[in-house]
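# Fold the following and give me the result.
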Amino acid sequence: MTKSVRDPRAVAFQLLAQILDRRRTLDEALAESKGFAALTARDRAWVRRFLATLLRRLGQVDGLIKTCLNRPLKRGHGDVRNLLRLGAVQLAFLDTPAHAAVSTTLNLATTPRLKGHKGLINALLRRLAREGADMIAKQDAARLNTPRWLWQSWGNAYGDAAARRIAESHLSEAPLDLTLKNPSEAEVWAGRLEATLLPSGSLRLPPGRGEIAKLPGFEDGAWWVQDSAATLPVRLLGAVADRRVVELCAAPGGKTAALTAMGAKVTAVEVSPARAARLEENLARLGLNAEIVIADAIRWRPSAPVDGVLLDAPCSGTGTLRRHPDIARLKGPGDIPALTALQDRLLAAAVEMTAPGGTLVYAVCSLQPEEGPARIAALRESGAPVQRVPVVADEVFGHTDWLSPEGDLRTLPCHLAELGGMDGFYACRLRRL
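Model (predicted):
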């Protein structure tokens, strides 16, 4: 492509191919893009919003394109489809004026194949400008934007009505939740940030509040970004002041920060040096200290078993689609077996690290039951010396709908819908026998 990399639409077009065709995550694609880095802050924000919106609404966008095509695009014409997507999402969901959406999209048709499809692109986008609103009104947005395997999985696990509510929650951008280093200052910071104070103690800001680093309290280390649901697994460890706690798979460090702020003596284990460096930077900004160990948690062991272990295991991340809509496009059912095998190995290691009488909390930000209760069932069937300690309503602020029949934590993205929802999390508390 010869279009200047300083054109935000050209950068978005390039990044879209990286994500959908080359299977890069949105965060990876943005971090590795020189074109994105060269943009102004305003244009970077536009590109991020454009990509997130398209990924969130991809099923609808592709449905609109399919309706407007007389015949399907030929195999191998992914660049043409991506250019159509770029124009269509601007018309349908970004409130871009029709003339601007059409002309700027056509300006990106610079390769021979794209030039050969200019007539098609022009005609399709102009039709969408005229008829798109009526087409969208007839779409089942929740169903179209949810891959079939996820829809079926959630229906089986939570019921059809809950599956639809989950899918509907993913249509909106997630709010920004902050965790305070000093919870006693919640009312003060709620006022300074014009934030809503949630039952969990998190401060909630609406989407689009600008650059996080420019918000009051960031440079002072008064808070860190963390979804309200992600604060709950830490609470299941109970009183941790002066206790030795190991956190496995610790980066980016929100739970490490919470444990440290609560007075725990934390050893944070992270296998990735880059992610460990990010964890260290985050703790430094907050003025908190923890021992950071770069190691494979399956093989690493503390010098002696510890009072508490928090395993925030790698998972599919399907509970975070509001924040990471690319997951729905990049993950599939074939990814689950490798993840569950890893989770089993990490759980076995975590049990060995926990002292008799100590507490082990297993957590995943996944909605897939295979990564949650099925892993605990497999652990117990293996003969591991652990006993489930049910979570009680008082520990989750009276929200009994956040608890499974077995007494595990299970939040869904449609919970707290009246306040903007929350991430989907599963956590189980175990006592080492």
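
# May I see the buried residues of the helix or strand harbouring residue 134?
Assigned by DSSP states H and E, residue 134 belongs to helix 118-137. Of all the residues in helix 118-137, those buried under the rule 16 or more other CB atoms under 10 Å are 121-122, 124-126, 128-129, 132, 135-136. All C-beta spots, glycine's among them, are computed from the backbone N, C-alpha and C.

# Report the separation between the two terminal residues of stretch 316-329.
In stretch 316-329, first residue to last residue: 12 Å (CA to CA, to the nearest Å).

# Could you tell me which other helices and strands the helix or strand bottoming out on mean pLDDT in the chain packs against?
Every helix and strand of the chain was ranked by mean pLDDT, DSSP states H and E. The lowest is helix 112-116, at a mean of 92. On a contact count with 3 or more CB pairs under 8 Å, 6 or more residues apart in numbering; DSSP states H and E, helix 112-116 meets helix 78-93.

# got the contact list for stretch 289-302?
The contact list for stretch 289-302, computed with CB atoms under 8 Å, 6 or more residues apart in numbering, reads 244, 246, 248-250, 256, 259-260, 266-273, 276, 279-280, 283, 311, 345-346, 349-350, 352-353.

# top strand in the protein by residue count?
Longest strand of the chain, by residue count under DSSP state E: strand 354-364.

# and that one, which residues are buried?
Residues of strand 354-364 classed as buried: 354, 358-364 (neighbour count, 16+ other CB under 10 Å).

# which helices and strands sit right next to whichever helix or strand comes after it?
Reading on from strand 354-364 to the C-terminus, the next helix or strand found by DSSP H and E is helix 373-381. Applying 3+ CB pairs under 8 Å, 6+ apart, one finds that helix 373-381 contacts helix 336-353, strand 386-388, strand 425-432.

# Let me see the domain layout of this structure.
8-139, 229-432 (automatic domain parsing).

# Regarding the shortest one, how distant is the last residue from the first?
Put plainly, it is domain 8-139. OK, domain 8-139 end separation, CA to CA: 29 Å.

# what's the answer for stretch 301-311, then?
Stretch 301-311: ends 13 Å apart by CA to CA.

# Quick check: buried residues in it?
Buried residues in stretch 301-311, counted by 16+ other CB under 10 Å: 302, 305-311.

# for stretch 218-231, same thing?
Those would be 218, 221-231, for stretch 218-231 by 16+ other CB under 10 Å.

# again, but for stretch 165-177
Neighbour counts using 16+ other CB under 10 Å place 165-171, 173-177 of stretch 165-177 among the buried residues.

# Going by residue numbers, what spans are helices in the stretch 201-350 of the chain?
Along the stretch 201-350 of the chain, the segments classed as helices by DSSP state H, counting those that start in this stretch run 232-235, 254-261, 273-286, 327-330, 336-353.

# contact partners of the third one?
Spelled out, it's helix 273-286. With CB under 8 Å, 6+ apart, helix 273-286 has contacts from 181, 218-219, 221, 224, 250-253, 256-257, 260-261, 268, 270, 289-290, 292, 294.

# Now do the buried residues in it.
Buried positions in helix 273-286, judged by neighbour count with 16+ other CB under 10 Å: 275-276, 279-280, 282-283, 285-286.
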